[in-house]
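K.L.:
The amino acid sequence is not available; the structure is as follows:
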């Protein structure tokens with residue numbers, strides 16, 4: 001393969017990565033809660049949304065789940081905002097011909113770190129939620145994690161719920 005083909009192939013890969021990066025994170029993306037709108041909508045105030053229905057939570061469990069969600073909401077919102085800003089900075093740098101490769105790489109690392117913080121907050125929230133479940137509910141949750149989905153619906157399994 002000559003240098004011209006290598007350069008053309010590299011440019012194509014960069015363009016594809018740029019297009020994907022520019023799309024950002026839409027519904028169903030971004031981890032366990034599908035991005036900020038899902039966190040502020042289907043999860044908040046509904047005590048873990050479809051998962052609560054799937055696990056048949058008692059009223060007391062629903063109240064505890066709601067308290068867990070509300071307890072993490074401010075921190076989660078701040079971390080999601082930081083992640084959005086980091087991704088936007090990375091996206092802008094990808095399209096800026098004056099941005100150096102080192103700068104783009106640094107911004108990518110910052111975006112990854114910001115998303116890591118969101119992931120860890122979701123994980124902490126999930127651990128608190130798991131603590132309120134019965135043994136039967138934990139077993140059902142483990143079955144769902146194995147890919148069965150909420151209520152047997154594959155479309156709500158790992159892809160949109162982060163493997164919960």
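P.N.:
Looks like it arrived, so ask away. Computed from a predicted structure; not experimentally measured.
K.L.:
Skipping adjacent residues, who's closest to residue 68 in space?
P.N.:
Take residue 68 and drop its neighbours on the chain: the residue closest to it by CB to CB, 6 or more residues apart in numbering is residue 128, 4.8 Å away. Any C-beta I mention is one placed from the backbone N, CA and C, and that applies to glycine too.
K.L.:
what about that neighbour, how many residues close to it?
P.N.:
16 (other CB atoms under 10 Å).
K.L.:
In what element of secondary structure is it found?
P.N.:
Secondary structure from DSSP states H and E places residue 128 in helix 101-130.
K.L.:
What pLDDT is listed against the residue nearest to residue 68?
P.N.:
Residue 128 is assigned a predicted lDDT (pLDDT) of 95.
K.L.:
one step back: next secondary structure after the helix holding residue 128?
P.N.:
helix 135-143.
K.L.:
How about stretch 57-64, which residues are buried there?
P.N.:
57, 61-62, 64 (16 or more other CB atoms under 10 Å).
K.L.:
I figured residue 110 hits residue 86, correct?
P.N.:
Yes - applying CB atoms under 8 Å, one finds residue 110 in contact with residue 86, separated by 4.8 Å.
K.L.:
which of the two has more neighbours?
P.N.:
residue 86 (20 against 17).
K.L.:
by how many degrees do the strand or helix carrying that one and helix 101-130 diverge?
P.N.:
In this structure, residue 86 sits in helix 59-95 according to DSSP H and E. Here the directions of helix 59-95 and helix 101-130 differ by 180 degrees (axes from the mean of the first three to the mean of the last three CA atoms, to 10 degrees).
K.L.:
What's the mean pLDDT across stretch 141-154?
P.N.:
The pLDDT scores in stretch 141-154 average 68.
K.L.:
likewise stretch 72-88?
P.N.:
What stretch 72-88 shows for mean pLDDT is 96.
K.L.:
And it, what's buried?
P.N.:
Under the neighbour-count criterion of 16+ other CB under 10 Å, stretch 72-88 has 72-73, 76, 79-80, 82-84, 86-87 buried.
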